[in-house]
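Engineer: Sequence plus the predicted model coming up.
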Amino acid sequence: MASTETTSGQGTPHDAAQRGAAGRGVAPGTDLAGLGAGLDALDTVQTRRTPLRQTLVAKVLPPVIAVAVVLVVWQVLVWAKVTDSYKLPSPGAVWGEVSDAWMQGTLLGYIWTSVSRGLLGFLLALLIGTPLGLLVARVKFVRAAIGPILSGLQSLPSVAWVPPAVIWLGLNDSMMYAVILLGAVPSIANGLVSGVDQVPPLFLRAGRTLGATGLRGTWHIVMPAALPGYLAGLKQGWAFSWRSLMAAEIIASSPDLGVGLGQLLENGRTVGSMPMVFLAIFLILIVGIAIDLLIFSPLERRVLRGRGLLVKS
């Protein structure tokens, strides 16, 4: 009976909110109505899907316009003869080089030779850099011993590793992968270290309280919490992988290595064909953009959406 009287005296949360609103000089129900409207608006934003036309206009049209402007400016510079034609070929000449490579059946071969090496080397760097980054982040002695070395290796230009790799391993694919690993592993490891350093200590204490210690705590607590920084390290690691591979292909050439995009660039310089040089540059750029759009951008959006930082469209 006492419990009933107490409940009746306090009233429901709705009545309490109305009494608080009346005490502030606000009409009863105004705050709750505003709160309900706000929640409804949030639900509407999360469930509404962006029309395809709006997506195309917002995401596809801007880069298309940018490419068109670049081509127009490029052609105007050619018409204005700002330099000799052998130094600045026209877009038509470069397109002719693309057509010739396609007709000869070598265009896709150039791309696949470099992309297959780059992706495999990046996966190897991922398998090495991830446990190395966790070890450096979680063990103070290892961080004090190896942390500065990783930072120094990350700042070292990848092209510096090509001559010793050629001397040590010879002109073969092993040399290419060694250069990729030396360029990408420090970036991946340092990215994971930065992500782990940004994990709130409360998460770690809560994980230990729930029994998530050791490898279990690393898998269920540390890695998910460090995912944004880790993903940034992966993106940078891919960039270093791709740049390291291009440097290796430009400097080291052998019939056994095949012709990748870096070797295509060097061949264009050797024969003095600027259309071939521009073709290699554009293909290197396109592959880098495609990998980012197809792999890393979807991963980044998924991570941000999972943390409520990106509205699902």
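Structural biologist: Looks like it arrived, so ask away. Numbers count the residues shown, from 1 in each chain.
Engineer: For the rest of this, base every contact and every neighbour count on C-alpha atoms.
Structural biologist: Noted.
Engineer: three-state assignment of Val82?
Structural biologist: The local conformation at Val82, judged by DSSP: H, G, I helix; E, B strand; the rest coil, is coil.
Engineer: Can you list phi and psi of it for me?
Structural biologist: Dihedral angles phi and psi of Val82 (degrees, to the nearest 10) take the values phi -70, psi -20.
Engineer: and it, how many neighbours?
Structural biologist: For Val82, the count of nearby residues is 11 (other C-alpha atoms under 10 Å).
Engineer: where's Thr113, which helix or strand?
Structural biologist: Using DSSP states H and E, Thr113 falls within helix 107-138.
Engineer: chain center to that helix: distance?
Structural biologist: Averaging C-alpha positions (C-alpha atoms, centre = their mean, to the nearest Å) puts helix 107-138 13 Å from its chain's average.
Engineer: likewise stretch 242-252?
Structural biologist: The answer for stretch 242-252 is 21 Å, by C-alpha atoms, centre = their mean.
Engineer: Check what contacts that stretch and list those residues.
Structural biologist: If you take C-alpha atoms under 8 Å, 6 or more residues apart in numbering as the criterion, stretch 242-252 is touched by 114, 117-118, 158-159, 162, 166, 171, 176-177, 179-180, 183, 260-263, 265-266, 288.
Engineer: How about the contacts made by the spatially most central residue of the chain?
Structural biologist: Against the mean C-alpha coordinate of the chain, by C-alpha atoms, centre = their mean, the closest residue is Lys235 at 3.4 Å. Applying C-alpha under 8 Å, 6+ apart to Lys235 gives the contacts 292, 296.
Engineer: Dihedrals phi and psi, it?
Structural biologist: Per degrees, to the nearest 10, the backbone of Lys235 is at phi -60, psi -40.
Engineer: Quick one, grab the pLDDT at it.
Structural biologist: Listed pLDDT for Lys235 reads 91.
Engineer: swap in Pro255?
Structural biologist: Pro255 is assigned 76 on the pLDDT scale.
Engineer: Quick one: list the elements packing against the helix holding Thr113.
Structural biologist: For helix 107-138, the packing partners by 3 or more C-alpha pairs under 8 Å, 6 or more residues apart in numbering; DSSP states H and E come out as helix 91-103, helix 140-155, helix 173-197, helix 227-251, helix 261-271.
Engineer: so which of the ones you listed gets nearest Gly133?
Structural biologist: Among the helices and strands packed on helix 107-138, the nearest to Gly133 by C-alpha to C-alpha is helix 173-197 (4.0 Å).
Engineer: Report the mean per-residue pLDDT for that closest one.
Structural biologist: Regarding helix 173-197, the rounded mean pLDDT is 90.
Engineer: quick one: buried residues of it?
Structural biologist: Buried residues in helix 173-197, defined by neighbour count with 16 or more other C-alpha atoms under 10 Å: 175-196.
Engineer: Then stretch 74-83?
Structural biologist: Residues of stretch 74-83 classed as buried: 74-75, 78 (neighbour count, 16+ other C-alpha under 10 Å).
Engineer: just stretch 275-285 next, same as before
Structural biologist: Result for stretch 275-285 [16+ other C-alpha under 10 Å]: buried residues 275-280, 283-284.
Engineer: ditto for stretch 298-308
Structural biologist: Neighbour-count burial for stretch 298-308, with 16+ other C-alpha under 10 Å as criterion, is recorded at 300, 303-304.
Engineer: How about residues contacting the host helix or strand of Pro62?
Structural biologist: Secondary structure assigned from DSSP H and E places Pro62 in helix 61-80. With contact meaning C-alpha under 8 Å, 6+ apart, helix 61-80 is reached by 85, 88-91.
Engineer: quick one: Lys87 and Met274 touch, right?
Structural biologist: Yes - the pair Lys87 / Met274 is scored as a contact, 6.4 Å apart, by C-alpha atoms under 8 Å.
Engineer: So for those two, which sits in the more crowded spot?
Structural biologist: Met274 (21 against 12).
Engineer: So that one sits against Gly268, correct?
Structural biologist: Yes - counting by C-alpha under 8 Å, Gly268 is a contact partner of Met274 at 6.5 Å.
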